[in-house]
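S.K.: One predicted model, sequence on top.
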Amino acid sequence: MSGDVVIETQELTKTFGELVAVDNVSMTVPRGRIYGFLGPNGSGKSTTIRMLCGLLVPTAGEVSVLGVDVREDPEALRRRIGYMTQRFSHYEDLTVGENLQFMAEIYGIPRSARRTAVERQIERFGLGEGRDQLTGTMSGGQRQRLALAAVTQHEPDLLFLDEPTSAVDPESRREFWEFLFDLVDHGTTVLVTTHFMDEAERCHALAILDRGVLVADGAPKQLMADMLASVVEVEGENLRQVREVLIVNEAVIDVAQLGSRLHVLVDPREERSADFVAEAIDANGLSAESKLISPSLEDVFVMATLGRVGK
Amino acid sequence: MQFSITRVLAITRKEFNHLRRDHLTGGMVVGIPIVMTLLFGYAINNDVRNLEAATVDEADTRASRALLADAGATQVVRIVGSAGSPMELQRRIAAGEISVGIVVPADFEERLAKGKRPLGQLLIDDSDPVILSAARALALLPATTSDQRTPSATFEVRALYNPERRSALFIVPGLCGVILTLTMVLFTSIAIVRERERGNLELLITTPVLSLELMIGKIVPYTFIGYVQVSLILMLGYYLFDMPIRGSLAELYTGVGIFVVSVLTLGLFISTAANTQFQAFQMTFMSFLPQLLLSGFMFPFEGMPKAAQWLAEVFPLTHFLRIVRGIVLRDAELSMLTPDIWPLAAFFIVGMTVATFRFRKRLE
């Protein structure tokens, strides 16, 4: 494994009884990047992360993290990774300071450096006001900052974040991502799962998971460029009817409504996609404006989960 | 990975912080010993006294009146009145008004003179076995009358340690063991399962912490709690029930320490088997009941079938009862009690090893 690759899996598979939670996932995560797992609930994101941390043993396949074979020796990884669980997993009956101190001790930060480490995290993550507050009484955003502070205190090489922003407001989410880019700037590699498109778009690279299968991966821009569909935006009245008319068309892959607009994914073999859509609408006695637009990540996601992404 | 004292202390400090803020558990630490000691010390009393009794004296002679007075003087029964007929006594027993009926028949003087047939009859509410055994003792009451000498008892009973036969003396030292067996197992098993339920464990097992560090870190604070509870029980016993502490306090506390860590490993073991706090609770009680019943606290150990005795020898409580009764009541030295110390030590080592190996740093 080269020094620039942090995670490498080959045909990683996990089954729980009949259920195949992760199905032959092969991927490579480069150093110093934010790598995103995008997928709906139950797509195998958390299970994959847990296998990468050594919390679950893969049913089949190879997994190497930071040059360590996780199946063989998960303990060798512990000090070098940080894991922020989906559910807040610090002690709600301890204060911010106590939680940070506990994690500093558990991660073996030497006594001389411990106090500085705790203080540094409190300042960096803006936890000064609440340092003596019981964690259970804090807001979602504060808890999330504490969680990130606690798992980055020992300066891990690799950080796993499992849906870190699902319980916080957009303001806190934006702030959170600033913290992540700071960490990456210092050489940390971040693997983050999300089901927010705007978050996925911030990642350097993405893997889209659907029912345990890796259906697409690459940089967000590249994924959008490679998309095997053109996107036509339709604006007008009676959009529900327009949608009915379009969706029965063979060249139309998917139609999604966004307020007073429709996003129509059209098979790329239909070259005059905008005109094609406009004609289909006119032919049914409806009126709406159609124009070709560049695809968004959501369009990529829809295509990927429909199994129509060239990979 | 190296074993780290820092991590053990980190967990210990964290546990103390949990305890400090968990008022329910904090209340149980102090409340269970106080309530149970008072209950067992005052209310649960094997010496039956003052059973309510009524009499039917069909003879109504000087001797019969003297016999009834003697029966009352034993304090086993308290004569609350007389009835017209044995039938009425039966009715009053059935109604629960009295527990014992004493019938002196009309031919009492004749029976007394011949000395062959029983002098009278005791009607007993033997729906309660305790009353039955107390009444049996009453049946042996010698009939002392002025003109009749009673044969003296064959044996004189001389009690060495508890001549007044006060139950509290037997019960309070044993209660230390019973209470610790319950609370120690409950607190530790729940402390770990709670972390599993709240998701703390998912984080903790991705950290460098070792199973053994986690186990020891959990044992230390609860050992301290155990000492607090024992001290509380002994103080209540000493001040409320005049229980003497005849042996060395230092040796007693050494014995307590060995016992506490051995029952704590039982709690740790349960915590590796239970998934929810409720399961931990159930398993704790499942393990507690046989210990309570077979250890010799409730029933005499010697009276149990051999198989039950062998099973009981596994329980830490059985050995601790012998240690604590030995030191507190008989002024025994700890060195005399080694046959009961090594089984505790063995239980600790086996329990700790099994719990540590069963605690996997995995989610499945």
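M.R.: Noted; the coordinates are in hand. Bear in mind that the values here come from a model prediction, so they are computed numbers and not experimental data. Residues are numbered from 1 along each chain as shown, chains lettered A, B, ... in the order given.
S.K.: Please make it C-alpha for all contacts and neighbour counts, starting now.
M.R.: Noted.
S.K.: low-confidence ranges in chain B?
M.R.: B:1, B:43-48, B:128-130, B:132-133, B:136, B:141-167 (pLDDT under 70).
S.K.: Domains in it, by residue range?
M.R.: Listed by automatic domain parsing, the domain ranges of chain B are B:51-159, B:167-363.
S.K.: hey, which of those is tucked in deepest?
M.R.: domain B:167-363 (a mean of 20; mean count of other CA atoms under 10 Å in any protein chain shown).
S.K.: Tell me which residue in the stretch 1-150 of chain B sits closest to chain A.
M.R.: Shortest the stretch 1-150 of chain B-to-chain A distance, computed as CA to the nearest CA: residue-wise this is B:Arg7, at 5.1 Å.
S.K.: all strands of the chain, in order?
M.R.: No chain was given, so I picked chain A. Here chain A has its strands, by DSSP state E, at A:5-16, A:19-30, A:34-38, A:60-65, A:68-69, A:81-84, A:158-162, A:189-194, A:205-210, A:213-218, A:230-236, A:252-258, A:261-266, A:288-293.
S.K.: that answer is for a different chain, and I need it for chain B
M.R.: Ranges of strands in chain B, per DSSP E, are B:51-57, B:77-82, B:100-104, B:121-124.
S.K.: Can you add distance to A:Val248 and give those strands back as CSV?
M.R.: Shown next, in CSV, are these (distance: least, CA to CA, whole Å):
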stretch, distance to A:Val248
strand B:51-57, 92
strand B:77-82, 96
strand B:100-104, 94
strand B:121-124, 92
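S.K.: before we move on, the earlier item: select, out of the domains of chain B, the one closest to A:Val234.
M.R.: Taking CA to CA, domain B:167-363 is the member of these nearest to A:Val234, at 46.2 Å.
S.K.: Please report the distance of A:Ile34 from A:Ala256.
M.R.: Noted for A:Ile34: a distance of 29 Å to A:Ala256, by CA to CA, to the nearest Å.
S.K.: Those two - which one has more neighbours?
M.R.: Neighbours per residue (other CA atoms under 10 Å in any protein chain shown) separate A:Ile34 from A:Ala256, with A:Ile34 holding more: 24 against 15.
S.K.: Most proximal residue of the stretch 151-300 of chain A with respect to chain B?
M.R.: Closest point on the stretch 151-300 of chain A to chain B, by CA to the nearest CA, is A:Val151, at 9.3 Å.
S.K.: Please name the residues that touch the residue of the stretch 1-150 of chain B closest to chain A.
M.R.: Contact analysis of B:Arg7 by CA atoms under 8 Å, 6 or more residues apart in numbering or on different chains lists A:Glu105, A:Ile106, A:Gly108, B:Val209, B:Glu213, B:Gly217.
S.K.: run the last query once more with 10 Å
M.R.: A:102-108, B:13, B:208-210, B:213-214, B:216-217 (CA atoms under 10 Å, 6 or more residues apart in numbering or on different chains).
S.K.: Tell me where the model's unsure across chain A.
M.R.: In chain A, residues with pLDDT under 70: A:1-3, A:308-311.
S.K.: what do you get if the cut-off is 80, keeping everything else the same?
M.R.: A:1-3, A:167, A:307-311 (pLDDT under 80).
S.K.: elements contacting the lengthiest helix in it?
M.R.: The longest helix of chain A (DSSP state H) is helix A:170-185. With contacts taken as 3 or more CA pairs under 10 Å, 6 or more residues apart in numbering or on different chains; DSSP states H and E, helix A:170-185 sits against strand A:34-38, helix A:140-152, strand A:158-162, strand A:189-194, helix A:197-202.
S.K.: Could you export it as PDB, CA atoms only?
M.R.: Written as PDB, here are the backbone C-alpha positions of helix A:170-185 (Å, rounded to 0.1, in the frame of the first residue of the first chain):
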ATOM      1  CA  PRO A 170     -27.700  24.600   9.000                       C
ATOM      2  CA  GLU A 171     -25.700  27.300  10.800                       C
ATOM      3  CA  SER A 172     -23.900  24.700  13.000                       C
ATOM      4  CA  ARG A 173     -23.500  22.400   9.900                       C
ATOM      5  CA  ARG A 174     -21.600  25.100   8.000                       C
ATOM      6  CA  GLU A 175     -19.400  25.800  11.000                       C
ATOM      7  CA  PHE A 176     -18.800  22.100  11.500                       C
ATOM      8  CA  TRP A 177     -17.500  21.800   7.900                       C
ATOM      9  CA  GLU A 178     -15.100  24.600   8.500                       C
ATOM     10  CA  PHE A 179     -13.700  22.600  11.400                       C
ATOM     11  CA  LEU A 180     -13.300  19.600   9.100                       C
ATOM     12  CA  PHE A 181     -11.400  21.600   6.500                       C
ATOM     13  CA  ASP A 182      -9.100  22.900   9.200                       C
ATOM     14  CA  LEU A 183      -8.400  19.300  10.200                       C
ATOM     15  CA  VAL A 184      -7.700  18.200   6.700                       C
ATOM     16  CA  ASP A 185      -5.400  21.200   6.300                       C
END
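S.K.: Quick check: closest non-adjacent residue to A:Ala251.
M.R.: Using CA to CA, 6 or more residues apart in numbering or on different chains and skipping the chain neighbours, the partner closest in space to A:Ala251 is A:Asp267 (5.1 Å).
S.K.: what does A:Ala117 give?
M.R.: Counting by CA to CA, 6+ apart, the residue nearest A:Ala117 is A:Gln153, at 6.5 Å.
S.K.: my read: the one you found touches A:Arg115, true?
M.R.: No: if you go by CA atoms under 10 Å, A:Gln153 and A:Arg115 don't touch, sitting 11.1 Å apart.
S.K.: what is in contact with the two at once?
M.R.: The contact sets of A:Gln153 and A:Arg115 overlap at A:Leu100, A:Gln101, A:Ala104, A:Ile109 (CA under 10 Å, 6+ apart).
S.K.: sorry, back to before: to B:Gly267, which of the strands of chain A lies closest?
M.R.: B:Gly267 lies closest, by CA to CA, to one member of those: strand A:81-84, at 28.6 Å.
S.K.: how about the contacts of B:Arg7, which pair is most distant?
M.R.: A:Ala104 and B:Ile216 (18.7 Å).
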